[in-house]
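K.L.:
just a sequence and a predicted model for now, questions to come.
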There are 2 protein chains.
Amino acid sequence: MAFGHQREQGRRILLREIERRGPIPRIDLSHNTGISRATVTTVTAELLRDGLIQEIPRDSENAADLKRGRPRVDLKIAGAAHLVAGIKVSDRSVSLMLVDFEGTQLAELEVPFAKGPASSQELTDLIENALAQLTALYSKSIDDLSGVGVGLAGVVDAENGTVYWSPSLRERNINLRDILTHRLGVQTFLDNDANLVAMAEKTFGLGRDHSDFIVVTIESGVGMGIVLNGQIYRGTRGCGAEFGHTKVQLEGALCRCGQRGCLEAYVADYALVREAASVGFLDPDLPIENRVKRLLQAAKEGDPTAKTIVTRAGRMFAIGLANLVNVFDPQLIILAGEQMQFDHLYAQEVIEEMRKSIVQIDKPPPDVLIHRWDNLMWARGAAAYALDFVFDMAIRDVRDDLD
Amino acid sequence: MAFGHQREQGRRILLREIERRGPIPRIDLSHNTGISRATVTTVTAELLRDGLIQEIPRDSENAADLKRGRPRVDLKIAGAAHLVAGIKVSDRSVSLMLVDFEGTQLAELEVPFAKGPASSQELTDLIENALAQLTALYSKSIDDLSGVGVGLAGVVDAENGTVYWSPSLRERNINLRDILTHRLGVQTFLDNDANLVAMAEKTFGLGRDHSDFIVVTIESGVGMGIVLNGQIYRGTRGCGAEFGHTKVQLEGALCRCGQRGCLEAYVADYALVREAASVGFLDPDLPIENRVKRLLQAAKEGDPTAKTIVTRAGRMFAIGLANLVNVFDPQLIILAGEQMQFDHLYAQEVIEEMRKSIVQIDKPPPDVLIHRWDNLMWARGAAAYALDFVFDMAIRDVRDDLD
């Protein structure tokens, strides 16, 4: 047992090193990981045999290499080994991305989502259909998938797969991960969507060089992902890092979660549109995203009612952010999400206001970066999340050599 | 060098084990730490020679021990090896505690503090005088101290010793640790007072069995200490875990930090008394703590004005706590401090309100415990903090044997 575990650990280290640095020669693998050349030879032979990695000719062949008799091949992840899908469920659409075992993006798809929260049955149907379409784009089917990652807004316990509450779901306390795994016949991994964004920022985004940062997402709701010591912080019940439903006003505006005074009830799409509609400001027949765009545009053009609405929302957002800085004192805050594409609530003014509202000390405040990315980037985060699990499964499945 | 480091590490492990489990026989030290019996013999001889530990006769001598020829002595920390003082600076007084190297409490003292914030000069004078009185109670002087721990409210960077802001100090951004170390001629260690309470709760209080919890303190202000993974969480600029100045109301009540809408501006002593005074409710000649007590008493007896004041403060406190639960999702919240002694703001009602204001999931909310402790307990936390550093200094100072 101990031996088998050690062997699996060696495979994991080497496969991860190939993932990070590949294409890479065997000798560098040994050098980088401290694993002996003999073991590197054995383990990479197993990984080659099982199709998880492949040999490719060295790019820059040079005389020194030839003279020293170094092998002329590098090792890289075999993209074709596994197929993984990432899905982001939002209020208005489901975005999907298909990636291979190397993380290369193969296909993407955006499917409109019916208005309002769905039943888990409806959502499962929708995801199954969308996955069939997505895989068909690459001439594959759902059966060819090794894993599916799903991110959605709300309170999600990633470890046990439970959605306690989501604006996308009518039911509460439902194990959507198991339902999807059963229906699709593919292992599914579930997380809060903002956690997936935080992980994506850490892996290939603006958080690459930071160990402690916070990602705040604004789209139809307000999400947050916290990275502490390079890890997603989840809290002890698996439902921490909830920002949209922190209270910024005692007995304040009604929130769609059923409570009052939540940050979301001031800054989310529906909150902005609700206020605008109450003074007859916006055409109720337009789709909500267009109504928000119009409101922001009108405020920019000096309409006093629009300005009043947007200004308060921005200031509420600023004190929410200031509270996060006071409590966490992070290196960096990343504001991400589709809304940030059109200078939502005038981000610079919000950041300025936030800086005034934090405890003033003789050190610069944390950096705030704005990352304008769309739903497909969220789906990419979901795919990266699932790919991580698929890596682990693939390593566990490697057969021992009969040596 | 490597050898010396290893040796110091061995001393550290053994001294800590003796601290935790002593009195303990050498054989158990070896067994518990995995350090060889020969090394245990060498290292404990060094520690005995330098007076950090002492031998005491075994408590329960039994036949089996005698037959196996086990030594009849146990090892324990030598209390007399070092003398350490802990100090808590509050608005109204400075509390001090003297402990020995074993943590045994030798003397305590409470000295009234002049009204309002002091200059660092005044505070240093006060601390020096109070320390002289404290040590005299045990027939010692400041020169006999090996370390002094100081906790005070405000934004304190423990690592570099800077007080960015404190309600007890007139100056901002001042390295009070270095000023005190220089003046006293004793190495001083500084931290935010609520962090010291959190560490005390972790070491010998209600947080002993928890790795992730939050301590909220209420006295003249509102403090917070966060323990994550068994460690104090400090943030990246050393000034995280700030709770009293998180905003609970946009453009709300004026806070003594100069901003508006801070939690403290609703729930701290001065906030309660300010409201009461504005409607002519309280006698301005009484000391503030008595005025607060009277206000709470009047509210309990049904006075409508008093009730209005206390109820809003309690609800503001509840949404502040709910925000912490939403963000951190801790195992436990401990409400500590002197105020909790007289059912401040009716703690049970606050807790009930907090439970209603957190995101509702299908799992019980975190436990909330109330710890009614006084300023001397805070001073004990400060002493424990300094003692920890003194342990490390003592270990570094052990001379190598000439073997």
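P.N.:
Nice, thanks for sending it over.
K.L.:
A:Gly185 - how many residues pack around it?
P.N.:
Applying other CB atoms under 10 Å in any protein chain shown, we find 10 residues neighbouring A:Gly185. In short, each C-beta sits where N, CA and C put it, glycine included.
K.L.:
A:Asn229 contacts A:Ser211, doesn't it?
P.N.:
Yes: counting by CB atoms under 8 Å, A:Ser211 is a contact partner of A:Asn229 at 5.7 Å.
K.L.:
strands of the stretch 1-150 of chain A, residue ranges please.
P.N.:
Taking DSSP state E, counting those that start in this stretch to define them, one finds strands in the stretch 1-150 of chain A at A:53-57, A:73-77, A:83-89, A:93-100, A:105-112, A:147-152.
K.L.:
JSON lines please, covering those strands and showing mean neighbour count.
P.N.:
Formatted as JSON lines, the strands of the stretch 1-150 of chain A follow (neighbours: other CB atoms under 10 Å in any protein chain shown):
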{"stretch": "strand A:53-57", "mean neighbour count": "16"}
{"stretch": "strand A:73-77", "mean neighbour count": "20"}
{"stretch": "strand A:83-89", "mean neighbour count": "29"}
{"stretch": "strand A:93-100", "mean neighbour count": "24"}
{"stretch": "strand A:105-112", "mean neighbour count": "16"}
{"stretch": "strand A:147-152", "mean neighbour count": "27"}
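K.L.:
out of these, flag the one nearest chain B.
P.N.:
With CB to the nearest CB as the criterion, chain B lies closest to strand A:147-152 of the strands of the stretch 1-150 of chain A, at 15.0 Å.
K.L.:
by contact count, what packs against that closest one?
P.N.:
Contacts defined by 3 or more CB pairs under 8 Å, 6 or more residues apart in numbering or on different chains; DSSP states H and E place strand A:147-152 against strand A:83-89, helix A:176-184, strand A:188-192, helix A:193-204, helix A:375-397.
K.L.:
out of these, which one sits most buried?
P.N.:
Among these, the stretch with the highest mean neighbour count (mean count of other CB atoms under 10 Å in any protein chain shown) is strand A:83-89, at a mean of 29.
K.L.:
let's see that strand as CSV, backbone CA atoms only.
P.N.:
Only the C-alpha atoms of strand A:83-89 are listed here, as CSV (Å, rounded to 0.1, in the frame of the first residue of the first chain):
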residue,chain,number,x,y,z
LEU,A,83,-12.2,15.7,-23.0
VAL,A,84,-13.6,18.1,-20.4
ALA,A,85,-16.5,20.6,-20.4
GLY,A,86,-16.9,23.7,-18.3
ILE,A,87,-20.3,25.3,-17.8
LYS,A,88,-21.3,28.6,-16.3
VAL,A,89,-25.0,29.0,-15.5
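K.L.:
in terms of secondary structure, what does it contact?
P.N.:
Strand A:83-89 packs on strand A:93-100, helix A:120-136, strand A:147-152, helix A:193-204, helix A:375-397, going by 3+ CB pairs under 8 Å, 6+ apart.
K.L.:
could I get those as a markdown table with mean pLDDT?
P.N.:
Shown next, in a markdown table, are the helices and strands packed on strand A:83-89 (pLDDT from 0 to 100):
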| stretch | mean pLDDT |
| --- | --- |
| strand A:93-100 | 94 |
| helix A:120-136 | 96 |
| strand A:147-152 | 96 |
| helix A:193-204 | 88 |
| helix A:375-397 | 90 |
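K.L.:
tell me, how many residues neighbour A:Gly244?
P.N.:
With other CB under 10 Å as criterion, A:Gly244 counts 27.
K.L.:
so it sits right up against A:Tyr270, yeah?
P.N.:
No: assessed by CB under 8 Å, A:Gly244 is found out of contact with A:Tyr270, at 11.7 Å.
K.L.:
quick one: mean pLDDT for the helix or strand A:Val327 falls within?
P.N.:
Assessed by DSSP states H and E, A:Val327 sits inside helix A:304-328. What helix A:304-328 shows for mean pLDDT is 92.
K.L.:
what of stretch A:28-35?
P.N.:
Taken as a whole, stretch A:28-35 carries a mean pLDDT of 92.
K.L.:
may I see the buried residues of that stretch?
P.N.:
Neighbour-count burial for stretch A:28-35, with 16 or more other CB atoms under 10 Å in any protein chain shown as criterion, is recorded at A:29-30, A:35.
K.L.:
tell me which of these fall in helices.
P.N.:
Residues of these located in helices (DSSP state H): A:29-30.
K.L.:
could I get the buried residues of stretch A:28-35 as JSON lines with distance to A:Ala322?
P.N.:
Shown next, in JSON lines, are those (distance: CB to CB, whole Å):
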{"residue": "A:Leu29", "distance to A:Ala322": "47"}
{"residue": "A:Ser30", "distance to A:Ala322": "50"}
{"residue": "A:Ile35", "distance to A:Ala322": "48"}
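K.L.:
can I get the buried residues of stretch A:28-35 in a markdown table including distance to chain B?
P.N.:
Output for those, formatted as a markdown table (distance: CB to the nearest CB, whole Å):
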| residue | distance to chain B |
| --- | --- |
| A:Leu29 | 28 |
| A:Ser30 | 25 |
| A:Ile35 | 24 |
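K.L.:
in contact with the nearest residue to A:Val40 once chain neighbours are set aside: list those residues for me.
P.N.:
Among residues not flanking A:Val40 along the chain, A:Ser30 sits closest, at 4.6 Å (CB to CB, 6 or more residues apart in numbering or on different chains). By CB atoms under 8 Å, 6 or more residues apart in numbering or on different chains, the contact set of A:Ser30 is A:36-37, A:40.
K.L.:
of those, buried ones?
P.N.:
Buried among these (16+ other CB under 10 Å): A:Val40.
K.L.:
and which of the contacts of A:Ser30 is nearest A:Leu321?
P.N.:
A:Val40 (47.8 Å; CB to CB).
K.L.:
surely that closest one is in contact with A:Leu29?
P.N.:
Yes: judged on CB under 8 Å, A:Val40 makes contact with A:Leu29 at a distance of 5.1 Å.
K.L.:
okay, and the common contacts of the two?
P.N.:
The contact sets of A:Val40 and A:Leu29 overlap at A:Leu14 (CB under 8 Å, 6+ apart).
K.L.:
measure A:Ser36 to chain B for me?
P.N.:
Applying CB to the nearest CB, to the nearest Å, the value for A:Ser36 to chain B is 24 Å.
K.L.:
A:Cys239: which of the helices and strands packed on strand A:147-152 is closest?
P.N.:
Among the helices and strands packed on strand A:147-152, if distance is taken as CB to CB, the winner is strand A:188-192, at 8.5 Å.
K.L.:
contact partners for the residue positioned nearest the centre of chain A?
P.N.:
Centroid check for chain A by CA atoms, centre = their mean gives A:Leu196 as the closest residue, at 2.2 Å. By CB under 8 Å, 6+ apart, A:Leu196 lies in contact with A:88, A:149, A:151, A:225, A:378, A:381-382, A:384-385.
K.L.:
again, only this time at 6 Å
P.N.:
Residues near A:Leu196 by CB atoms under 6 Å, 6 or more residues apart in numbering or on different chains: A:151, A:381-382, A:385.
K.L.:
got it, and A:Glu19?
P.N.:
Here A:Glu19 is in contact with A:Ile77 (CB under 6 Å, 6+ apart).
K.L.:
that one and A:Ile77, how far apart?
P.N.:
For A:Glu19, the distance to A:Ile77 equals 6 Å [CB to CB, to the nearest Å].
K.L.:
one more: A:Phe281?
P.N.:
With CB to CB as the criterion, A:Phe281 and A:Ile77 are 53 Å apart.
K.L.:
got any ranges where chain A has weak pLDDT?
P.N.:
Scanning chain A with the threshold set as pLDDT under 70 gives A:1-4, A:59-71, A:282, A:338-345, A:401-403.
K.L.:
show me which residues of it are close to chain B?
P.N.:
A:155, A:164, A:173, A:212, A:235-237, A:239-240, A:242, A:245-247, A:250, A:315, A:319, A:323, A:326, A:328-329, A:331, A:359, A:361-363 (CB under 6 Å from any CB of the partner chain).
K.L.:
now the stretch 301-403 of chain A against chain B: closest residue?
P.N.:
For the stretch 301-403 of chain A, the residue closest to chain B is A:Asp329, as judged by CB to the nearest CB, at 2.4 Å.
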